[in-house]
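K.L.:
From the sequence below, what's the structure:
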Amino acid sequence: MQPPSAAQTHAECLLFIEAFAKVTVNEIRATLGRPSAEVAAAETGVAPDWDSPELLTESGIALGSVDAAARQGTKYLHIEVAMNLCASQAVALLLAFTGLSEKQRRTLFPVLSSRQGDTRERTAEEVKRLNAWLEWVRQGDFDPSAFVTYQRGLGVHGRTQNLTGSIGATGAAIAFLDVIKQADSTALVSSEGSVPPPSVRSPQQIAGWWKANATTALKAILLRNGRALVFASSKDANIFMPLDGPYTDAADALRRFNEVRNDASRRRQKLHEFAVGEVKTATDLANLHERMGLASRETQTELRTDRFLMMSVLNREILEGGVQRRVMNNRDLTRFSHVFNLHHCWGWDGGRERHPDHWAYFVRQVREWCGL
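P.N.:
Take a look at the predicted model:
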């Protein structure tokens, strides 16, 4: 049974939710970008003549339509830009402003879509049709750059979920590693993947560190006593040792674990598992019971070892029952032998110090599972 200090205060819940929300919003901002500004930037080095009646006619642009947005390159495609292969990114973005699918763009504008250049006559023909299309799209003061934002946004939900899940798993890995290093500074002999330095601990810092260093999250570690921890498998955390010969390093432990991870019978023959666990970073307070139930079902085949849950938000209503009396005692959740508060154990904002009993509870279990 988790100690009472596993619960977060309302303020702590808000801090955790806000920290992960900032990671999500930053990822959305980076993904959506600023399409109009990107078009202008892509035309850097190209200086089309927006005052030449001949070139404007060749581009299908009326002289009276040339305003500041046109001169910035965000309203029309100029023939000189279309003919300059160095401005292919600007052409591609303006094609995306049409709202057409990629297949439709290739069909209607094959020359501009190829980015390989063609005769000036054929290029000018498509430039005129493209500008006429863009003029039609802008009817009613519609901003055609919204089409690019829409296309980029289609996959952003899945990416942000994957990102926050990976950051949460890294927070759990940091907690485990801190316990191991405090118990025995020589216990860790090998690792696969990267752990952020001590100065990088909050969700935003971890996300920024990954981008800046183009590195991968921690996947596995090997201890001197032969036990391994894997953080990249069908379960979020696994602590085990081999039954068929020692591991040479963390990469070997990860490889041999992955060979049997989906076969319970082979796993029992190849591994002795001390604990398996789920790390959940769900922050929707109305959906937490369902997320915890799902976590329990995901690990329900691991009946011969300790099974733990590290949950991002555990308030007193969840642990002790709120208005609806929905406490953590349904048949799914009681399958967990241990429940930890991810926020407290991660400790980037002093949670370990605010909840020393819960941190001590986590430390005892990790040392037992890791044989320290």
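K.L.:
Okay, and the residue nearest to residue 236 when sequence neighbours are not counted sits in which element?
P.N.:
In space, residue 236 comes closest to residue 279 once its chain neighbours are excluded; the distance is 4.0 Å by C-beta to C-beta, 6 or more residues apart in numbering. C-beta: built from backbone N, CA, C; applies to glycine. Using DSSP states H and E, residue 279 falls within strand 271-280.
K.L.:
where does the stretch 251-372 of the chain have low pLDDT?
P.N.:
284-304, 317-335 (pLDDT under 70).
K.L.:
how about the helices in it?
P.N.:
Counting by DSSP state H, counting those that start in this stretch, residue ranges of the helices within the stretch 251-372 of the chain are 264-270, 288-298, 316-320, 342-346, 351-354, 356-370.
K.L.:
what's the burial count for residue 265?
P.N.:
The number of residues packed near residue 265 is 8, by other C-beta atoms under 10 Å.
K.L.:
typo on my end, it should be residue 14
P.N.:
14.
K.L.:
next one: the one 10 residues further on
P.N.:
Summarising burial for residue 24: neighbours were counted as other C-beta under 10 Å, giving 19.
K.L.:
which residues does it contact?
P.N.:
By C-beta atoms under 8 Å, 6 or more residues apart in numbering, residue 24 lies in contact with 160, 163, 164.
K.L.:
got the CA coordinates for the helix or strand harbouring it in PDB?
P.N.:
Under the criterion of DSSP H and E, residue 24 resides in helix 10-32. Presented in PDB, the C-alpha positions along helix 10-32 are these (Å, rounded to 0.1, in the frame of the first residue of the first chain):
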ATOM      1  CA  HIS A  10      -3.800  20.700  -5.700                       C
ATOM      2  CA  ALA A  11      -0.900  23.100  -6.300                       C
ATOM      3  CA  GLU A  12       1.500  20.300  -7.100                       C
ATOM      4  CA  CYS A  13      -1.000  18.700  -9.600                       C
ATOM      5  CA  LEU A  14      -1.200  22.000 -11.300                       C
ATOM      6  CA  LEU A  15       2.600  22.400 -11.400                       C
ATOM      7  CA  PHE A  16       3.000  19.000 -13.000                       C
ATOM      8  CA  ILE A  17       0.200  19.500 -15.600                       C
ATOM      9  CA  GLU A  18       1.500  23.000 -16.500                       C
ATOM     10  CA  ALA A  19       5.100  21.600 -16.900                       C
ATOM     11  CA  PHE A  20       3.900  19.000 -19.400                       C
ATOM     12  CA  ALA A  21       1.500  21.400 -21.100                       C
ATOM     13  CA  LYS A  22       4.400  23.700 -21.900                       C
ATOM     14  CA  VAL A  23       6.300  20.800 -23.500                       C
ATOM     15  CA  THR A  24       3.200  20.000 -25.600                       C
ATOM     16  CA  VAL A  25       2.600  23.600 -26.600                       C
ATOM     17  CA  ASN A  26       6.200  24.200 -27.500                       C
ATOM     18  CA  GLU A  27       6.100  21.100 -29.700                       C
ATOM     19  CA  ILE A  28       2.900  22.300 -31.400                       C
ATOM     20  CA  ARG A  29       4.500  25.700 -32.000                       C
ATOM     21  CA  ALA A  30       7.600  24.200 -33.500                       C
ATOM     22  CA  THR A  31       5.600  21.800 -35.700                       C
ATOM     23  CA  LEU A  32       3.200  24.400 -37.000                       C
END
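K.L.:
Which neighbouring elements make contact with the following helix or strand past it?
P.N.:
Counting by DSSP H and E, the next helix or strand C-terminal to helix 10-32 is helix 35-42. When contacts are defined as 3 or more C-beta pairs under 8 Å, 6 or more residues apart in numbering; DSSP states H and E, helix 35-42 packs onto helix 88-96, helix 145-153.
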